[in-house]
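Student: Predicted model follows, preceded by the sequence.
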Amino acid sequence: MIKIGVIGYGYWGPNIVRNFQGLEQGSVKAVCDLNPKNLARVRKSYPAIETTADSRDICAGPDIDAVAVITPVASHYPLVKSALEHGKHVFVEKPFTSSVAQAEELIGLAERKNLKIMVDHTFLFTGAVRKIKELLETDVLGTLYYYDSVRVNLGLFQNDVNVIWDLAAHDFAIMQHLIPNRPEALVATGAKHVNGIEDVAYITVYFSGNVIAHFNVNWLSPVKVRRTLIGGEKKMLVWNDLEPDEKIKVYDKGVTKADGDGVYELLVSYRMGDIWAPRLDQAEALNVETQYFIDCIEKDEKPFNDGAAGLKVVAMLEAADRSLANRGGMVAL
Ligand SMILES: NC(=O)c1ccc[n+]([C@@H]2O[C@H](COP(=O)([O-])OP(=O)(O)OC[C@H]3O[C@@H](n4cnc5c(N)ncnc54)[C@H](O)[C@@H]3O)[C@@H](O)[C@H]2O)c1
């Protein structure tokens, strides 16, 4: 049985506690939060779980094997560092850290102590992303052309991070998980309208192999949109994450090119085939992910969403900030 201590019981923390508590080989020993009202919520829902306002009780707790850090990003580095120094495995929210330097230091510390770091990029465990990965790996889509994502809604405005750190952190993790090509450069543009932090942004990422990705993230949208298009040579797909049933539709559509007789003639023929919606695993992503964390500890395996995967996302977020500051200057990755 792996005993977990959870730090942070705000909006996301209760989901983490519920999922770890529901596992056969895991149980939540204690929860920490600075806000006494949140600790009262824990005691009401889980009378057997200990509560504390002091994170040292969790990081140094003698009867705790792993620490889940579910607090805002600025506190990830000190809390994860303390947990690792006390010999605990770590499950930490996205984005992993506030900087590449912090992420590198924590990865080195975990390696020296032979401890696991798992970064909660929850989307990687959804049925939709697992299906898209399968479609790409089995070459159903063919050579990848582009990845195009829209993730917009009204709010929630954050005080400490811009819309890229808040929303594109998800997209960067998904894109890095799905696209095997190497990201080469990034361009980010955006604007601040409300609280001095970028609330609308557009990011383009150039990959090796002529793959291009584009992200539109926005806290000032009147409607919520979660739509990703992935175009391949053989097939294309649309992932609408707000769709209750058929989240992914695969289109047997595309173009083939044939040169005409004249120098300026290019003949493009269009393929208009079937559309199908693959069946997706309905399991709750966090349930799959928390189980995977326990398995990685018990079998001493490196998770694919480890500190190094979290670092790649932070590196892209930092690069986006540099490009934004330069009104869309190209930043090499
Ligand atoms: N994986 C996902 O899909 C997903 C979704 C939402 C949020 N998140 C991430 O979860 C993290 C928390 O987000 P949230 O929306 O729950 O924030 P929140 O502000 O609602 O909750 C954070 C909680 O942490 C507590 N806290 C802060 N610093 C602390 C400290 N040093 N010791 C003890 N408690 C402390 C606060 O009192 C608060 O209750 C963020 O990193 C966010 O990016 C991830």
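Tutor: Perfect, I can see it now. Numbers count the residues shown, from 1 in each chain.

Student: Leaving out the residues flanking it, which one is nearest to whatever residue of the chain ends up closest to the ligand?
Tutor: As assessed by Cβ to the nearest ligand atom, the ligand sits closest to G10 within the chain, at 1.8 Å. In this view, the C-beta of every residue, glycine as well, is placed from N, C-alpha and C. Spatial nearest neighbour of G10, excluding adjacent residues (Cβ to Cβ, 6 or more residues apart in numbering): N38 at 6.5 Å.

Student: so that neighbour sits in a helix?
Tutor: Yes - using DSSP: H, G, I helix; E, B strand; the rest coil, the assignment for N38 is a helix.

Student: what about it, how many neighbours?
Tutor: Neighbours of N38 under the rule other Cβ atoms under 10 Å: 18.

Student: picking that back up, so is the residue of the chain closest to the ligand in a helix, a strand, or just coil?
Tutor: Using three-state DSSP, the structure places G10 in coil.

Student: need the contact list for it.
Tutor: Taking Cβ atoms under 8 Å, 6 or more residues apart in numbering, we find G10 in contact with 33, 35, 38, 70-71.

Student: Determine which two of the residues you listed are furthest apart.
Tutor: For these, the farthest-apart pair by Cβ to Cβ is N35 and I70; their separation is 12.9 Å.

Student: Overlap in contacts, the two.
Tutor: Contact with both N35 and I70 is made by residues 9-10, according to Cβ under 8 Å, 6+ apart.

Student: Which of the two has more residues huddled nearby?
Tutor: Shown here are N35 and I70; by other Cβ under 10 Å, I70 has more neighbours (25 against 12).

Student: unless I'm mixing things up, the residue nearest to G10 is touching Y9, no?
Tutor: Yes - counting by Cβ atoms under 8 Å, N38 does reach Y9; the two are 4.4 Å apart.

Student: out of the contacts of G10, who's nearest E233?
Tutor: Nearest member of these to E233, counting by Cβ to Cβ, is I70, at 41.1 Å.

Student: Quick check: closest non-adjacent residue to that closest one.
Tutor: Closest residue to I70 apart from its sequence neighbours, by Cβ to Cβ, 6+ apart: G8 at 3.6 Å.

Student: Could you do P72 as well?
Tutor: Counting by Cβ to Cβ, 6+ apart, the residue nearest P72 is D160, at 6.1 Å.

Student: and the gap between that neighbour and S82?
Tutor: 20 Å (Cβ to Cβ, to the nearest Å).

Student: likewise D166?
Tutor: D166 is 25 Å from S82, where distance means Cβ to Cβ.

Student: quick one, which of the two is more surrounded?
Tutor: When D166 is set against S82 and neighbours are counted by other Cβ under 10 Å, the residue ahead is D166, at 22 against 19.
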